[in-house]
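1. dropping a prediction and its sequence here:
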Amino acid sequence: MTGKPSQPASRKPRVDALRNRERILEVAKAAFTHFGAEASLDDIAKQAAVGPGTLYRHFPSRDALIEAVYQTEVERLAASARRFSETMPPVDALRAWMLLFVDYIAAKQIIAPALNSLMGGPKRLYESSHGLIRAAVELLVRRAIRSGDMRKDIEPFDLLRALIGVSHVATGPDWQLSAQRLVDILIAGSRPDK
């Protein structure tokens, strides 16, 4: 009988393995935020209550762990847009998501030195996240336009550019408060004329 050897069926990760991965990512995010890219991986494993082998099984290198932390944050941000659109009125969903986006920018700024340590820099990672973020804001803005809560000429990504701009010209630790106030200004300015 001639034939190709059968490939092992792809198995879903075990529940405990998924929990370990999530704990590692949470601890790593805090560690990279506090200590930068050189945070001790052994300390991350210890604080996540896993052995170093478990950490390296999930994330074979420091770069892989840094990328996974960033990608997880982007995926959570994108998933929240879907969740908000299913559970909140259109403008409330957009406002809640934009406030989360401000938190995402803050986290990105804090973890940026770790991201910059990646071989080749973070450009590829940023480019892949751009599409997820753009799709999320477009979903929410298009929904608000369809409901009549926003003007039809609003470009979704323009709202985020304004928030990103505030973060880039920030001169103090209170830039997040300015950005949060800007969310309400942007939404009010996007309402249709009565």
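-> Now that the structure is in, tell me what you want to look at.

2. residue contacts, the nearest residue to A136 once chain neighbours are set aside?
-> Closest residue in space to A136, ignoring its immediate chain neighbours: A81 at 3.5 Å, by Cβ to Cβ, 6 or more residues apart in numbering. No exception for glycine: its C-beta is placed from N, CA and C like everyone else's. Listed by Cβ atoms under 8 Å, 6 or more residues apart in numbering, the contact set of A81 reads 93, 97, 135-137, 139-140.

3. compare those residues and tell me which is most surrounded.
-> Taking other Cβ atoms under 10 Å as the neighbour criterion, L140 ranks highest of those with 27 neighbours.

4. spatially, what comes nearest to the residue nearest the centre of the chain if we skip its sequence neighbours?
-> Residue closest to the average C-alpha location in the chain (Cα atoms, centre = their mean): V74, at 2.1 Å. Closest residue in space to V74, ignoring its immediate chain neighbours: S129 at 4.1 Å, by Cβ to Cβ, 6+ apart.

5. ok, L159 - contacts?
-> 98, 137, 141, 186, 190.

6. does P60 count as helix, strand or coil?
-> coil (DSSP: H, G, I helix; E, B strand; the rest coil).

7. run a quick neighbour tally on it.
-> 10.

8. same question for Y70.
-> By other Cβ under 10 Å, 24 other residues sit near Y70.
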